[in-house]
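In: Here is my input, please return the structure:
(one chain, ligands or ions: 1)
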Amino acid sequence: MSHGKQFTLYSHDRGPNGWKVAFALEELGLTYETIYLNFQEGEHKKPEFTKFNPNGRIPALIDHKNNDFVIWESNAILLYLVDKYDTEKRITVPDGDEKFQLLQWLFFQASGQGPYFGQAAWFALFHPERIESATDRYKKEIIRVLGVLETVLSKQEWLVGGKLTIADLSFITWNNFAFNVILQGYESFNLQKDFPSVAAWHNKLLATPSVKKTLDVREALISKK
Ligand SMILES: N[C@@H](CCC(=O)N[C@@H](CS)C(=O)NCC(=O)O)C(=O)O
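Out: This is a model prediction of the structure:
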């Protein structure tokens, strides 16, 4: 076990997906050490890391109290953590219909939010050429996904189970990046005006102590660079 902590989390200071796992670890009061990989130096593609995650992406989690069990894909990690360690079901729901709704949101996040928001970020910020049609396509997809969330959150406070769960936690970091960076100055985008329920939900999530603490760590790491 590394330094007496139960888990080792492989993450990245800016990459959104590792922070989702940190939110859940904090919320459940589990102990962990984070190793932030250096993407510029390709650490995530080196055998020292791909022996844990053959996909060469963060996050990956090692559970030292479970024979160094390794799990990767952020939402699979969230499910592992709650199934094994959230016995009081603080941030998950009981088996049954609600569990399938929880899975529905986690699948939607992993297939509908993460990749599209990621492509929007890529074409808006990192692609070597400006390709307006591609940038626009993915920004429009962000707007569409926010519309889906708005429809649901205008009728209920949380995505599932009437309380904060891993489903809500899974959306925070990509939404943050979309609101603060990707969609800045895009057409007449105004989160508060266009998606008031999403804005209220997102602000509530940011004010949750475990989330705030984790995002403060992120801020501190980034501002040190
Ligand atoms: N579906 C994966 C996505 C993982 C992912 O794309 N991670 C990014 C950082 S947030 C990464 O490692 N990027 C480096 C690369 O693609 O080379 C998950 O949710 O864990």
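In: Pull the contacting residues for the closest residue to L61 other than its chain neighbours.
Out: Closest residue to L61 apart from its sequence neighbours, by CB to CB, 6 or more residues apart in numbering: I77 at 4.9 Å. Any C-beta I mention is one placed from the backbone N, CA and C, and that applies to glycine too. Residues near I77 by CB atoms under 8 Å, 6 or more residues apart in numbering: V21, A24, P59, A60, L61, I71.
In: what two of those residues are the furthest from one another?
Out: A24 and A60 (14.5 Å; CB to CB).
In: how's the protein carved up into domains?
Out: 7-89, 97-211 (automatic domain parsing).
In: start to end distance for the shortest one?
Out: In this case it means domain 7-89. The first and last residues of domain 7-89 sit 20 Å apart, counting by CA to CA, to the nearest Å.
In: Show me how far the helix or strand in which K140 is found is from its chain's centre.
Out: Element membership for K140, per DSSP states H and E: helix 132-153. Chain-centre distance of helix 132-153: 17 Å, with CA atoms, centre = their mean, to the nearest Å.
In: now do stretch 170-179
Out: From the chain centre to the centre of stretch 170-179 is a distance of 7 Å (CA atoms, centre = their mean).
In: which residues make contact with it from outside it?
Out: Applying CB under 8 Å, 6+ apart, the contact partners of stretch 170-179 are 16-17, 19-20, 23, 74-75, 78, 105-106, 109-110, 113-114, 117-118, 120-121, 142, 146, 149, 191, 198, 202, 205-206, 211, 215.
In: Now which of those would you call buried?
Out: Listed as buried from the contacts of stretch 170-179 are 16-17, 19-20, 23, 74-75, 78, 105-106, 109-110, 113-114, 117-118, 120-121, 142, 146, 149, 191, 198, 202, 205, 211, 215; burial here means 16 or more other CB atoms under 10 Å.
In: The residue lying farthest from the centre of the chain and V181, how far apart?
Out: Relative to the centre of the chain, the most outlying C-alpha is that of E129, 27.8 Å out, by CA atoms, centre = their mean. For E129, the distance to V181 equals 20 Å [CB to CB, to the nearest Å].
In: sec struct for T92, please.
Out: coil (DSSP: H, G, I helix; E, B strand; the rest coil).
In: Please, which helix or strand holds the closest residue to it other than its chain neighbours?
Out: Excluding its sequence neighbours, the residue lying closest to T92 (CB to CB, 6+ apart) is V82, at 3.8 Å. According to DSSP H and E, V82 maps onto helix 74-85.
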